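K.L.:
The sequence isn't on hand, but the structure is:
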């Protein structure tokens, strides 16, 4: 019987949250999620439980998008003020806006690794493999990202 | 830089490292406080960014879309124009040879091992709830129905009246009650 329905059910929310954390854009995340499941399914239907492959596809889709658009992930670089993402902004939970705002201010590499870790779907080992680096590198980077995020979130409160 | 705390939160500690972690929390006040601060932050940053995750959607009224049904084995891809190829590629296609028949027989299968009842209700049942049959102890339920040609909407109903869209069908829409219906296109 099909595992795809179960696979989709088990992972689509986490994948979508991952995409929201790296793009800050609801509609873009939706497009990439759709494209990723489509491509995963079309190429790897027999291998129904390879979660890291799903994320690799989504990540690559996003990198392709960035390359094509030739600009930073969060549109004009300032998440809260970008008019192009107004309708997208409305979908985001109030308490999460500060998180996305802070995540946007991280370096690309740190944000990307943190977003993969936060999905809860991948191990450090899988993330290292996907990003072409070592586990040691991942554990240092993800913690550094969290430390920076803490500083940004604390500063945000004071403004 | 204490990445031990991250490793703890990410379930990456080996047993010996867990022992070390617990000891540090117990003995070092700073480490204890840092751990709690990061754990609280983690609750926030791991929470859902949005209230509603969008279901996957495709354009409706593509009458030339063949019947889309699972399972995916074997997976055959129709050669169609590039624009819809990515939609078709999502789904296993079993072209149904019914000559001039106006409806086809379709099997609906859902995996719900924990419930005692599953029903299906849709435009092809006049929205009456029909019960599915359990398939042994596999956790799967099934029903075979005759579906007339065209576009249909339906939902599964679990015990307690919980309505869920078909997890194996990607086309969905909101219904009038704030729930989701699955959309099925049938071509004969």
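P.N.:
Arrived safely, thanks for sending. Because the structure is a prediction, the values reported are computed rather than measured.
K.L.:
Quick check: longest helix in chain A by residues?
P.N.:
Secondary structure assigned by DSSP state H gives helix A:135-158 as the longest helix of chain A.
K.L.:
is any part of that helix close to chain B?
P.N.:
Yes: Helix A:135-158 comes into contact with chain B (CB under 8 Å from any CB of the partner chain), by way of A:139-140, A:142-144, A:146-147, A:149-150, A:153. Every residue, glycine included, has its C-beta placed from N, CA and C.
K.L.:
what helices or strands is that helix leaning on?
P.N.:
helix A:94-104, helix A:108-118, helix A:124-131, helix B:3-9, helix B:29-45 (3 or more CB pairs under 8 Å, 6 or more residues apart in numbering or on different chains; DSSP states H and E).
K.L.:
between those helices, which gets nearest to residue A:39?
P.N.:
Closest to residue A:39 of the helices and strands packed on helix A:135-158 is helix A:124-131 (CB to CB; 15.6 Å).
K.L.:
for that closest one, what is the average pLDDT?
P.N.:
Averaging pLDDT along helix A:124-131 yields 95.
K.L.:
And the helices and strands packed on helix A:135-158: which comes nearest residue B:109?
P.N.:
Across the helices and strands packed on helix A:135-158, residue B:109 has its closest neighbour in helix A:124-131 (31.1 Å, CB to CB).
K.L.:
what's the angle between that closest one and helix A:108-118?
P.N.:
140 degrees (axes from the mean of the first three to the mean of the last three CA atoms, to 10 degrees).
K.L.:
okay, the angle between helix A:124-131 and helix A:135-158?
P.N.:
Using the same axes, to 10 degrees: helix A:124-131 against helix A:135-158 is 90 degrees.
K.L.:
what comes into contact with the longest helix of chain A?
P.N.:
A:98-99, A:101-103, A:105-106, A:109-111, A:113-114, A:117, A:124-125, A:127-128, A:131, B:1-3, B:5-7, B:10, B:12, B:37-38, B:41-42, B:44-45 (CB atoms under 8 Å, 6 or more residues apart in numbering or on different chains).
K.L.:
which residues of chain B fall in helices?
P.N.:
B:3-9, B:15-27, B:29-45, B:82-88.
K.L.:
lowest confidence element among the helices and strands of chain A?
P.N.:
Across the helices and strands of chain A, mean confidence by mean pLDDT, DSSP states H and E is lowest for helix A:86-91: a mean of 74.
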